[in-house]
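Visitor: Mind folding the following:
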Amino acid sequence: DLASGAATGTGGVSGLTSLIGGAGSDTLGGPSADTTWTIWGPNSGSVAGLDFIGFENLTGAADNEDTFVFEPEGSLTGSIDGGPGGFDSLDVRGWYDQIRYAPTSPDAGTVTVDGSVITYAGLEPVSLGPGGAVVVDLTTSDDAASLTPVGANLLVSGATFEDATIVLPTDSLTINGGEGDDSLSIAGTIALGAASLIVNTEEIVVLAGSSIDTTGDVTLNAEKTTSGDSPIPIPELEVVYTADATTSVSVTGSTINANKIVLSASSTVDATPAVNDLMILFTTADSTVSVVDSNLTASGTLGISATSSTIATSAADGIGVPTLGDASVSTLDVDTSAIATVTGSSILTVGGAATILASNTINASTDSDADKAGVAGAGIAITLVDQTTRAAVDAASAIWSAASLSVVATSDNTVAGTSKASPGGAEED
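Guide: Residues are numbered from 1 along each chain as shown. Here you go, the predicted model:
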């Protein structure tokens with residue numbers, strides 16, 4: 001530990017010019033002053049005028065500014081830790097075919113450069129690039145992220161992870177949501193050169209006054225699939241289940257210039273809870289793509305699509321109490337929408353085909369079997385469906401130019417209900 005002058009198995013150290021780690025997992029602690037760490041080889045580098053070799057883990061002192069600089073040949077098999085407090089940062093230098101940033105919490109995560117993993121904790125900003133492809137994988141929490149310009153670079157920021165400054169990639173920038181419900185807002189002028197932009201989160205918003213410019217492709221894909229949440233029990237009566245998949249892409253008062261533009265929202269519910277005595281199942285699958293007062297220019301094709309799919313089964317087999325008339329009740333409530341629209345003073349300029357599609361599919365079944373009721377018990381199956389499917393271009397105000405324009409809305413529904421009374425009928429004779 002350079003701050004305290006302590007070292008395991010010694011009475012202390014001072015006046016060193018180099019340090020060599022042992023066969024185990026070794027940790028080097030930094031000085032208390034603001035410090036730049038340079039990692040230039042495998043578990044090797046320099047700090048405060050001292051060369052080190054064979055140290056798997058590097059830890060900064062508390063309440064200072066530690067900057068961990070990884071040169072192209074630098075790597076650690078352990079991790080870096082900025083220490084408590086202060087303002088500590090990671091700077092990855094050199095050119096890489098792929099850089100992958102995967103935060104796990106507000107101050108921890110990994111950066112993988114061409115397969116070499118840098119594990120970090122206790123850091124504030126992260127700097128990435130340059131590289132061919134840059135991928136940002138958001139955390140497993142619900143992330144609200146933003147993409148904005150910062151000087152000649154880009155900034156991906158949010159409260160649930162460390163901000164990442166990204167040197168413009170040459171091939172692509174991809175931002176992926178994690179396991180939670182994630183959103184990305186895009187603001188300012190996002191000038192990507194020839195790099196493509198790919199976003200995969202549940203909600204995507206291009207804010208008014210913003211622009212995305214590239215000779216590559218722009219793909220904004222909002223997608224969610226769910227099988228439902230844990231049940232909400234009501235003692236001795238129904239068990240209530242919910243399954244909610246909501247996605248949206250909103251482009252308002254902004255500009256996108258690209259080779260190919262894809263704006264898509266897809267919501268999928270596949271919910272089949274285990275058979276219960278009594279059952280209530282609520283499902284929601286809503287997908288929306290909205291282009292309002294915006295200019296979309298694609299030298300290739302333009303695709304705008306909203307897709308919702310619901311597969312749901314609600315099944316009850318009775319509570320087994322003959323004195324209750326309604327011994328088996330199964331209820332399924334399906335709410336679904338797929339909406340893809342271009343409205344306001346929007347202008348679509350497309351070199352190839354332009355497609356606006358809304359697709360909505362439901363396969364719902366409700367089953368109620370009162371066999372357990374014995375001498376008397378009704379079987380009641382209720383299915384409620386609310387469905388909206390719309391694809392539209394506002395002909396009164398929107399302007400379009402394309403090799404072809406296709407606007408299609410489709411729905412396909414299969415709804416079935418089966419109820420069975422007890423052997424003694426709905427009422428005892």
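
Visitor: Could you list the low-pLDDT ranges of the stretch 301-429 of the chain?
Guide: 319-327, 372-377, 423-429 (pLDDT under 70).

Visitor: Which parts of it are strands?
Guide: For the stretch 301-429 of the chain, applying DSSP state E, counting those that start in this stretch gives strands covering 302-316, 328-343, 347-350, 353-369, 379-393, 399-401, 404-420.

Visitor: Next, format the ones you listed as TSV and append distance to residue 177 and mean neighbour count.
Guide: Bear in mind the C-beta positions are built from the backbone N, C-alpha and C, glycine included. Converted to TSV, the strands of the stretch 301-429 of the chain look like this (distance: least, C-beta to C-beta, whole Å; neighbours: other C-beta atoms under 10 Å):
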stretch	distance to residue 177	mean neighbour count
strand 302-316	17	25
strand 328-343	20	24
strand 347-350	27	19
strand 353-369	22	22
strand 379-393	25	17
strand 399-401	31	14
strand 404-420	27	14
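
Visitor: Could you export those as CSV, including distance to residue 41?
Guide: Formatted as CSV, these follow (distance: least, C-beta to C-beta, whole Å):
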stretch, distance to residue 41
strand 302-316, 47
strand 328-343, 53
strand 347-350, 51
strand 353-369, 52
strand 379-393, 57
strand 399-401, 57
strand 404-420, 57
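
Visitor: Need the nearest residue in space to residue 169, chain neighbours excluded.
Guide: residue 134 (4.5 Å; C-beta to C-beta, 6 or more residues apart in numbering).

Visitor: typed the wrong thing, it's residue 215
Guide: In space, residue 215 is closest to residue 194, 4.9 Å off (C-beta to C-beta, 6+ apart).

Visitor: sec struct for the one you found, please.
Guide: Put simply, residue 194 is coil when judged by DSSP: H, G, I helix; E, B strand; the rest coil.

Visitor: Tell me how many other residues surround it.
Guide: 13 (other C-beta atoms under 10 Å).

Visitor: about what we covered before: I'd like to know which of the strands of the stretch 301-429 of the chain lies nearest to residue 247.
Guide: With C-beta to C-beta, the closest approach to residue 247 among those belongs to strand 302-316: 8.3 Å.

Visitor: okay, the angle between that closest one and strand 328-343?
Guide: Going by axes from the mean of the first three to the mean of the last three C-alpha atoms, to 10 degrees, strand 302-316 is angled at 170 degrees with respect to strand 328-343.

Visitor: ok, now how distant is the residue nearest in space to the middle of the chain from residue 300?
Guide: Centroid-nearest residue in the chain, with C-alpha atoms, centre = their mean: residue 177, separated by 1.4 Å. Using C-beta to C-beta, to the nearest Å, residue 177 is found at 26 Å from residue 300.

Visitor: and the residue nearest to residue 215, what is it in contact with?
Guide: If you count contacts by C-beta atoms under 8 Å, 6 or more residues apart in numbering, residue 194 has them with 170, 214, 215, 216.

Visitor: give me the number of residues near residue 159?
Guide: So residue 159, with other C-beta under 10 Å, has 10 neighbours.

Visitor: before we move on, what about residue 395?
Guide: By other C-beta under 10 Å, neighbour count at residue 395 equals 9.

Visitor: how near is it to residue 306?
Guide: 19 Å.

Visitor: What number of residues are in the vicinity of the residue lying closest to residue 77 once chain neighbours are set aside?
Guide: Leaving aside its sequence neighbours, residue 77 sits nearest to residue 56 (C-beta to C-beta, 6+ apart; 4.9 Å). Neighbour count of residue 56, defined by other C-beta under 10 Å: 16.
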